[in-house]
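[1] Okay, predicted coordinates and the sequence, questions at the end:
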Amino acid sequence: MVPPTGSPSAAASAELHADVAVIGGGVIGHGIAWEARRSGRSVVVIDDAPGSGASWAAAGMLAPVSELHYQEEDLLELMLESSGQWPAFAADLSRDAPADTGYLATPTLAIGADAADRRALMDLRAVQLAHGLEIEPLTVREARSREPLLSPAISCALDIPADHQVDPRKLVACLRRALASHGEDPRSAVTGALDGFAVADRASSLVWEDGRVTGARLAGGGLVTAGETVVANGLQAASLGGLPAGLRLPLRPVHGDILRLRVPEHLRPLVTATVRGLVRGVPVYIVPRRDGTVVIGATQREDALAASGPEGGGGAAGVSAGGVYQLLRDAQVLVPAVAELELLESTARARPATPDNAPLLGRVDFPESRGHVPGLIMATGFFRHGVLLTPAAATICRDLMDGRTDPRWLPFSPARFSGQRPSTVQPTKEHA
Ligand SMILES: Cc1cc2nc3c(=O)[nH]c(=O)nc-3n(C[C@H](O)[C@H](O)[C@H](O)COP(=O)(O)OP(=O)(O)OC[C@H]3O[C@@H](n4cnc5c(N)ncnc54)[C@H](O)[C@@H]3O)c2cc1C
């Protein structure tokens, strides 16, 4: 499978208008666009390579419990909110598309390889329990009766019933189908846009009029005007022209290698649950898909080279041989039969990370200003959790469009790294 690229824009130099313009067509942009459409708004998604960013690589674990990190309580609340929305989100989407979203409510097992890994997982369990999360120890015998191909040499196993999965590639395809179908109301289709909602181009800058954002200018010369513009182009958000003056978006690429493998018939199912292991302190996971493949991931690489080039490219953007070796080696410690699988694909992409690992999500509201930038919503910086957080990001953005702000999500303010600023809100000078 190769990542999708858009066909030439129907609107290369034209002007389109929609209620909502979404810049960036990953899981986040599409999720927001579909939610906006469901709320009765017309929508345009601007992207010349939809679904080809971090969303193309993601394993799709919906894992608020196993993704808990120390001192990330606000993020945990958002992850739990989104995880709670997933079953209805997936059911509604497969009805609208209609197609398989790849959502599976399969549980997760956390596995420790050696004694130190066991101690680390048990320490984390204490924190998980303190937050009211469900995570129960199993004996190795119990774990192996559920998953017979687990190694007998593992040191511990914990059952996490609430951590599920979705296939992000199927998810993006479904969201695009749902957006193209226009539901009950064909009037929501945008004339001139591909399939009534898509523009195969890149946004070069935001457009402003009388102190509000009124759409996006396209690299190919076109213009999309909209009542609300959502910036959802992942790592590239910070380089968009016309961002509000003083807004600092400290996004950085955290690269990850991930593998897709086919399980031979005689070994199926390799595992039925998602297996998340700690092997000599290094995390590795095996996510089983319904089609007899598994996803094994993922490394995390950050270095100076990674910061240059498109999508945070540079030397670290390609698949790392060492990363592939590490993933296969550690996965085999947990499930030795991994050695017998057919390697189908190795992929690397950059996660859009922020200094506090939480997204930049909401209206641009500087501490010193009265009110926010009208017509603009930011939705980026989803780091390791963008797939999990898609439903919550979508409903939060829809609420903002409806004029509602939930105080629980104010800690994710996109301006939280921007410090103080003037009390009037303006675009950067060259786009004023
Ligand atoms: C190896 C790996 C494994 C992961 N596993 C998981 C997981 O198990 N669970 C989970 O929840 N998350 C996971 N993630 C994280 C997840 O992939 C991201 O958080 C998520 O994909 C971010 O989605 P996005 O839509 O914000 O960004 P992206 O998917 O990167 O999409 C951004 C889009 O914007 C477009 N774009 C860029 N610039 C412009 C422009 N100027 N104009 C128009 N379009 C533009 C790009 O073409 C791209 O399509 C993983 C990530 C990686 C790398």
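    On my side now, so go ahead. Numbers count the residues shown, from 1 in each chain.

[2] Quick check: mean pLDDT of the helix or strand hosting Pro253?
    In this assignment (DSSP states H and E), Pro253 forms part of strand 252-262. Averaged across strand 252-262, the pLDDT comes to 97.

[3] After it, heading C-terminal, what element do we hit next?
    For strand 252-262, the succeeding helix or strand toward the C-terminus, using DSSP H and E, is strand 274-279.

[4] Nearest spatial neighbour of Arg398, chain-adjacent residues omitted?
    For Arg398, ignoring the flanking residues on the chain, the nearest one in space by CB to CB, 6 or more residues apart in numbering is Glu35 at 4.7 Å. C-beta coordinates here come from the backbone N, C-alpha and C atoms, glycine included.

[5] Is the one you found in a helix, a strand, or coil?
    helix (DSSP: H, G, I helix; E, B strand; the rest coil).

[6] OK, contacts around it?
    Applying CB atoms under 8 Å, 6 or more residues apart in numbering, we find Glu35 in contact with Ala394, Thr395, Cys397, Arg398.

[7] Please name the residues that touch the closest residue to Gly51 other than its chain neighbours.
    With sequence-adjacent residues excluded and distances taken as CB to CB, 6+ apart, Gly51 is closest to Val172, at 4.0 Å. Taking CB under 8 Å, 6+ apart as the contact definition, Val172 lies against Gly25, Gly26, Val27, His30, Pro50, Gly51, Ser55.

[8] residue ranges for the strands of the stretch 151-300 of the chain, please.
    Using DSSP state E, counting those that start in this stretch, the strands of the stretch 151-300 of the chain run over 156-160, 164-165, 198-199, 203-209, 212-218, 223-231, 252-262, 274-279, 282-288, 293-297.

[9] In this model Ala415 seems to touch Leu247, though I could be wrong.
    Yes. The criterion here is CB atoms under 8 Å, and Leu247 meets it with Ala415 at 6.1 Å.

[10] neighbour count winner among these two?
    Here Leu247 and Ala415 are compared on neighbour count by other CB atoms under 10 Å; more neighbours surround Ala415, at 24 against 21.

[11] Is the closest residue to Pro250 other than its chain neighbours in a helix, a strand, or coil?
    The shortest distance from Pro250 to any residue other than its chain neighbours is 5.1 Å, reached at Phe417 (CB to CB, 6+ apart). With three-state DSSP as the basis, Phe417 sits in coil.

[12] What number of residues are in the vicinity of Ala49?
    For Ala49, the count of nearby residues is 16 (other CB under 10 Å).

[13] which residues sit in contact with the residue most central in space within the chain?
    When CA atoms, centre = their mean is applied to the chain, the residue found nearest the centroid is Gly386 (2.1 Å). Applying CB under 8 Å, 6+ apart to Gly386 gives the contacts Gly26, Val27, Ile28, Ala54, Ser55, Ala58, Gly234, Arg351, Pro352, Pro359.

[14] and it, how far is that from the ligand?
    According to CB to the nearest ligand atom, to the nearest Å, Gly386 and the ligand sit 2 Å apart.

[15] Stretch 14-30: end-to-end distance?
    One end of stretch 14-30 to the other measures 22 Å (CA to CA, to the nearest Å).

[16] repeat for stretch 124-137
    Distance across stretch 124-137, first residue to last, is 12 Å (CA to CA).

[17] What are the buried residues along it?
    For stretch 124-137, burial by neighbour count (16 or more other CB atoms under 10 Å) applies to Leu124, Arg125, Gln128, Leu133, Ile135.
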